[in-house]
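[1] here is my input, please return the structure:
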Amino acid sequence: MADNPGARTPRSDDRGSGGADGEPRRALAVALVPQIDELTRRVVADIHAHSGTYASGAPVSRVDLWEICRDNLLRALEDFGGLPSSGGDFEYAARETGRRRAEQNVPLDTVLQAYRRGGRVMWQVMAEHLRATRAGGAGGAGRGQDPVGVVAGDRDTELDMAGAVWETIDRYSLVMAESYRLTQLEMQGRQDTRRVALFEALLDGRGDDPAVAAAASAALGVPVHDRYVVVVAAQDPAAPPNPAPVLDDHGIWSFWRPRSGRYAGIVRLAAGESGVLLDLLRHRTGATAGVSPEFDRLAQAGRALRLAEQALRTLPAGSGEAAAFDDRLAEVLLVGRPEIAERIVTTRLGAVLDTAAERDVLLSTLRVWLDNGCSAARAAELLYCHRNTVLNRIGRIAELTGRSAESGEARLGWALALRALPLLGADGEPEPMEDCVGQDLQHPPGDEHAGESVDDDRRRRGGRRPALRSSET
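    As a prediction, this is how the structure comes out:
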């Protein structure tokens, strides 16, 4: 393809020698083909004079522009005059121009303008030739005729030829533009494939290789060093495919891909945007998502992915909740060691759970009391009851569990047990949390009871405490 007019496949009715203007067009083309180098020089000079992009010599060198202009002009003249193509396919030069300029990232409008400039110069040269022929024939008898038979002085013929020139240029411009766009699509496809491969390399932990990190940085268009988090979002039916559009609307860069049945994304954060990200995930996407701690190098994305997956595992499936890893540390520890989590519930709150009549009110009071610095007055305000009622309920919990409410160890145990409770089924049956493909958390490696059935496991535990929710990592 070229940055110049005329290189489009001729139509059968344009190129034949039949028709009233066929012979003059052929004669004009035959006269100008030998002048192709001078015509090319004038076109290149005109394009340079009117385009800073081409005049700069980068990315299109003068040699590149000269060669492709010459090829376009020659094909255009041959096509215009109905001459046999000296280089095969008449459209080749136009397609090559579109392909090459797309790869060089020259704007399509700039290339089209170069085509128009080249067409203008080509018609100027043709008009100059016709005027010279007319002037040379003015001294002879009758109407002048040049050596190759172009009739001079016939204004209608000139107008017809002008129209044919611009029709040729327009046709070739369309071929060039189509090739340009197809090349862009192909390049975008290759870029997307490379971008995805490098994104996967980061998440697989291969970013420790500086070359991989640098390549991923270039492909994703973000710095190697900046503020990032990894987000893992479940593919909930009620949520959008991935959170990218919502984040884009708020000026937050992210890149997402489906991965192991969920969406994984790297998110670039500005100062203070961590809270904004969680708020958008919770209230604008509806996705159940785990968010890693912030990290400052793309090479750390693999570790961040694992932490985001661990945060996601602590959330009930389909809850639409988003959790930051650092806000779920206790839950992450508990869900990762189900036998310990269950034991904490059994030893710290087992007696409370067995009191069906008091259970709910005692647990809700304990949760509010612990969340508010063990202040009975503040808990009473939130629970709409008297301070003494709170103290009596906490005293009842202390009585049932055999632990002092003043003991820091007791308070820690109660807090951990409360965090473990949502990870347990209410009736001993496994309940789904968000899964992360890999390891079965109910029976992690080294668990001597890994071969037991649910019923065997329940009998082993005396049938009293609920089983940990089934989850995989």
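
[2] list the buried ones in stretch 57-75?
    Within stretch 57-75, the residues that count as buried by 16 or more other CB atoms under 10 Å are 60, 64-65, 68-75. (Each C-beta comes from the backbone N, C-alpha and C, glycine too.)

[3] count the neighbours of Gly52 for me.
    8 (other CB atoms under 10 Å).

[4] from Val60, how far off is it?
    12 Å (CB to CB, to the nearest Å).

[5] for Ala351, same thing?
    For Ala351, the distance to Val60 - CB to CB - is 82 Å.

[6] may I have stretch 168-187 as PDB, with CA atoms only?
    Provided in PDB are the C-alpha atoms of stretch 168-187 (Å, rounded to 0.1, in the frame of the first residue of the first chain):
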ATOM      1  CA  THR A 168      -9.000   5.400  -9.400                       C
ATOM      2  CA  ILE A 169      -7.600   7.200  -6.400                       C
ATOM      3  CA  ASP A 170     -10.800   6.800  -4.400                       C
ATOM      4  CA  ARG A 171     -10.900   3.100  -5.200                       C
ATOM      5  CA  TYR A 172      -7.300   2.500  -4.200                       C
ATOM      6  CA  SER A 173      -7.800   4.600  -1.000                       C
ATOM      7  CA  LEU A 174     -10.600   2.300   0.100                       C
ATOM      8  CA  VAL A 175      -8.400  -0.800  -0.500                       C
ATOM      9  CA  MET A 176      -5.600   0.800   1.500                       C
ATOM     10  CA  ALA A 177      -8.000   1.700   4.400                       C
ATOM     11  CA  GLU A 178      -9.500  -1.800   4.500                       C
ATOM     12  CA  SER A 179      -6.000  -3.400   4.600                       C
ATOM     13  CA  TYR A 180      -5.000  -0.900   7.300                       C
ATOM     14  CA  ARG A 181      -8.000  -1.800   9.500                       C
ATOM     15  CA  LEU A 182      -7.500  -5.600   9.000                       C
ATOM     16  CA  THR A 183      -3.800  -5.200   9.900                       C
ATOM     17  CA  GLN A 184      -4.800  -3.300  13.100                       C
ATOM     18  CA  LEU A 185      -7.200  -6.100  14.000                       C
ATOM     19  CA  GLU A 186      -4.500  -8.700  13.500                       C
ATOM     20  CA  MET A 187      -2.000  -6.700  15.500                       C
END
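
[7] to the chain's geometric centre, what's the distance from it?
    Distance of stretch 168-187 from the chain centroid (CA atoms, centre = their mean, to the nearest Å) equals 25 Å.

[8] where in the stretch 101-250 of the chain is pLDDT low?
    136-154, 238-241 (pLDDT under 70).

[9] name the nearest residue to Trp369, sequence neighbours excluded.
    Nearest non-adjacent residue to Trp369, counting by CB to CB, 6 or more residues apart in numbering: Ala379, 4.5 Å away.

[10] what about the helices in the stretch 351-473 of the chain?
    According to DSSP state H, counting those that start in this stretch, the stretch 351-473 of the chain carries its helices in the segments 359-371, 376-383, 387-401, 408-420, 454-460.

[11] redo those as TSV? Include mean neighbour count and mean pLDDT.
    Listed next are those as TSV, based on neighbours: other CB atoms under 10 Å; pLDDT from 0 to 100:
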stretch	mean neighbour count	mean pLDDT
helix 359-371	17	93
helix 376-383	17	93
helix 387-401	17	93
helix 408-420	18	91
helix 454-460	13	35
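
[12] residue contacts, the residue nearest to Trp369?
    Neighbouring residues of Ala379 by CB atoms under 8 Å, 6 or more residues apart in numbering: 365, 368-369, 372, 390.

[13] among those residues, which pair sits farthest apart?
    Spatially, the most separated pair among those is Thr365 and Asn372, at 11.0 Å (CB to CB).

[14] that older thread, could you measure from the residue nearest to Trp369 over to Cys385?
    From Ala379 across to Cys385, the span is 9 Å (CB to CB).

[15] then Ala244?
    46 Å.

[16] same check, this time on Val30
    Using CB to CB, Val30 is found at 105 Å from Cys385.

[17] Trp166 too?
    Trp166 is 88 Å from Cys385, where distance means CB to CB.

[18] buried set for the host helix or strand of Ala93?
    Using DSSP states H and E, Ala93 sits within helix 92-103. Of all the residues in helix 92-103, those buried under the rule 16+ other CB under 10 Å are 92-102.

[19] what pairs with the longest strand that the chain contains, parallel or antiparallel?
    Determined from DSSP state E, the single longest strand within the chain is strand 225-234. Taking DSSP bridges as the criterion, strand 225-234 forms sheet pairs with strand 262-268 (antiparallel), strand 289-291 (antiparallel), strand 295-297 (antiparallel).

[20] could you report the neighbour count for the residue nearest to Ala324 when sequence neighbours are not counted?
    Nearest non-adjacent residue to Ala324, counting by CB to CB, 6+ apart: Val291, 4.6 Å away. Using other CB under 10 Å, Val291 has 28 other residues around it.

[21] swap in Ile36?
    15.

[22] tell me who's in contact with it.
    By CB under 8 Å, 6+ apart, the contact list for Ile36 reads 70, 73-74, 77.

[23] the inter-axis angle of the helix or strand containing Leu65 versus helix 92-103?
    Secondary structure assignment for Leu65, by DSSP H and E: helix 62-81. On the basis of axes from the mean of the first three to the mean of the last three CA atoms, to 10 degrees, helix 62-81 is oriented at 150 degrees to helix 92-103.

[24] other SSEs contacting helix 62-81?
    Contacts defined by 3 or more CB pairs under 8 Å, 6 or more residues apart in numbering; DSSP states H and E place helix 62-81 against helix 22-32, helix 36-50, helix 92-103, helix 108-137, helix 155-203.

[25] so what's Ala55 closest to, chain neighbours aside?
    Among residues not flanking Ala55 along the chain, His48 sits closest, at 4.5 Å (CB to CB, 6+ apart).

[26] likewise Ala311?
    Gly290 (3.2 Å).

[27] give me the element the closest residue to Arg194 other than its chain neighbours is part of.
    Nearest non-adjacent residue to Arg194, counting by CB to CB, 6+ apart: Ala219, 5.5 Å away. Of the helices and strands defined by DSSP H and E, Ala219 is found in helix 210-220.

[28] with just CA atoms, put that helix into CSV.
    The C-alpha coordinates for helix 210-220 follow below in CSV (Å, rounded to 0.1, in the frame of the first residue of the first chain):
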residue,chain,number,x,y,z
PRO,A,210,13.2,-9.2,35.2
ALA,A,211,12.7,-9.8,31.5
VAL,A,212,9.2,-11.2,32.1
ALA,A,213,8.3,-8.3,34.4
ALA,A,214,9.6,-5.8,31.9
ALA,A,215,7.7,-7.4,29.0
ALA,A,216,4.5,-7.6,31.1
SER,A,217,4.9,-3.9,32.0
ALA,A,218,5.2,-3.0,28.4
ALA,A,219,2.3,-5.2,27.2
LEU,A,220,-0.1,-4.0,30.0
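
[29] which residues sit against that helix?
    For helix 210-220, contacts defined as CB under 8 Å, 6+ apart pick out 191, 194-195, 198-199, 201-202, 206-207, 223-224, 255, 266, 297-299.

[30] and the angle from that helix to strand 225-234?
    Between the axes of helix 210-220 and strand 225-234, defined by the same axes, to 10 degrees, the angle is 70 degrees.

[31] distance from the chain centre to helix 210-220, please.
    15 Å.
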